[in-house]
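Q: Below are the sequence and a predicted model; questions follow.
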Amino acid sequence: MKNYKNKTNSNYSYKIASRLIALLILFSVIGISYLNMEQVFSLTPKKTRERTTRESTTRERSGTRSTSANGYSNLPGDTLSVPLCTDHNESKWHPLVQKNSDGSVKCSYGHEHHDDPNILNNVFGSVGTFTGGNEISYPWQTSSHAGTENHVKHNSYKWNVVSVSKCTPSNAPYGFTNIRAEYHQDGVLGATTRYHSYWLEAEGCDPADPNFKGIVRVGGHLDYGFLRVATTASDSQTIPLPDSPTRGDDRRLHMAYINGQVPCCRNGDFTWYGSNRPIRFRNQPKVVVRNGLMGEDWGAINPDDPYNVVYLPKMWYGSIFRGNNSWQEPIHLLNITITAQMDARDGKQDGYANFEGFTDRHGNVLASNCSPTGPDCVPVYLKNMKVGNYQFRAGPNGIVKREYDVIVNGKNLIQYPN
């Protein structure tokens, strides 16, 4: 009996110890999970965010899988379910994936550049003719202490390409039937940056003159004005930044993150309105551009700390595609004004603008040609464009939002940042 009791006590002690160890392991797992969740929804110092973003870009270019900024490993699409494509070229357009002959996904680049601009080569010619041979980026890209735009933020170049058969202008006498526009649009990742680069080509039309066609090519930097966040369905809050303008209605509108939640109505998107217009431009020879961008965002802006993005890797309104900058409404808005002073540049005052020259980054026409092309030496081209105002809006032209993500084995292939 004594030996039996000792054995029983020994077994009982062993069971107690095993259960204690199991509980310790469980609490450790719970603690780690909690820390991971806390990391996803917390703010990270700006210097850390910038450093990890640059490191992620470097890793991606070396052919390895990039890690999300702030070290997040659970942002949508961060773990690829297919191999990473190894033939990436920063100057060439590419979709998100390469496919095999049977239509299956061969590999993914982890990011994409929206629409293929080459589909309108029959209208505008080869994509790189005016951009130094590049399909992605151009010599007038922006730059910072971290490097050039294409080197540091390559993934955010997006082509918006539309083609319609009917001329349907909005709030203007003239419209466009074909547009291909390359914008640098990084959404919430570039929300605190006021100026972003662009290049566009558009075919002008006149609903009252079916035989009219004109071509405009213009680029440079667009001013996106104020940073604002949506606080209610009908109101937004301006966030003052050191370079905020003193007037104007150009703006970057994002979701707000207040008291631990998104209070309002944005459906996971951002909307930017930018322009190259000065306060007074009517008496200047100028191609005045105003654009509107609307697309899915990665996260929200904390009004008290706008430089630190609050990432929200969650499903928006039950969509299978997550908040990973994967959809856009192409050409949400494009408004171009050819001022009357552009009329006689070809020696004829006939209501049409025909001109080849250069502008500075803000679209001001230079008095003489320049070389090489760069931030203040940007090509501008007008062929048979009627002087006046042109406008295109996606909605009235039947253009709906386009989804650019691909899901394989339940995983989004778009990685951070896209």
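A: Thanks, I have it. Numbers count the residues shown, from 1 in each chain.

Q: quick one: the helices in this structure?
A: Here the chain has its helices, by DSSP state H, at 2-40, 46-61, 121-124, 149-152.

Q: Please export the C-alpha coordinates of the third one as PDB.
A: Yep, that's helix 121-124 we're talking about. Coordinates of each C-alpha in helix 121-124 appear next as PDB, following Å, rounded to 0.1, in the frame of the first residue of the first chain:
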ATOM      1  CA  ASN A 121      -0.400  53.200 -78.400                       C
ATOM      2  CA  ASN A 122      -2.600  53.300 -81.500                       C
ATOM      3  CA  VAL A 123      -3.800  56.800 -80.300                       C
ATOM      4  CA  PHE A 124      -0.800  58.300 -78.600                       C
END
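
Q: in that helix, what counts as buried?
A: Within helix 121-124, the residues scored as buried using 16 or more other C-beta atoms under 10 Å are 123-124. Every C-beta, even on glycine, is put in place using the N, C-alpha and C of the backbone.

Q: From the contact counts, what lies against it?
A: Packing partners of helix 121-124 (3 or more C-beta pairs under 8 Å, 6 or more residues apart in numbering; DSSP states H and E): strand 175-184, strand 195-206.

Q: How far does the last one sit from its chain's centre?
A: Spelled out, it's strand 195-206. Relative to its parent chain, strand 195-206 has a centroid offset of 16 Å by C-alpha atoms, centre = their mean, to the nearest Å.

Q: Please name every helix or strand in contact with the strand of greatest length in the chain.
A: With secondary structure taken from DSSP state E, the chain has its longest strand at strand 209-223. Counting contacts by 3+ C-beta pairs under 8 Å, 6+ apart, the secondary-structure elements packed against strand 209-223 are strand 195-206, strand 269-275, strand 287-296, strand 327-338, strand 352-359, strand 378-386.

Q: right, so of those strands, which gets closest to Asn369?
A: Using C-beta to C-beta as the measure, strand 352-359 is the one of those that comes nearest Asn369, at 6.1 Å.

Q: So for the closest one, what gets flagged as buried?
A: For strand 352-359, burial by neighbour count (16+ other C-beta under 10 Å) applies to 352-355, 357-359.

Q: worst average pLDDT in the helices of the chain?
A: Of all these, helix 46-61 carries the lowest average pLDDT, namely a mean of 30.

Q: related to what we said a few turns ago, what's the closest of the buried residues of strand 352-359 to Gln237?
A: Using C-beta to C-beta, Thr359 is the member of the buried residues of strand 352-359 that sits closest to Gln237, with 34.4 Å.

Q: separation between the closest one and Gln98?
A: Plainly put, Thr359 is 37 Å away from Gln98 if you go by C-beta to C-beta, to the nearest Å.
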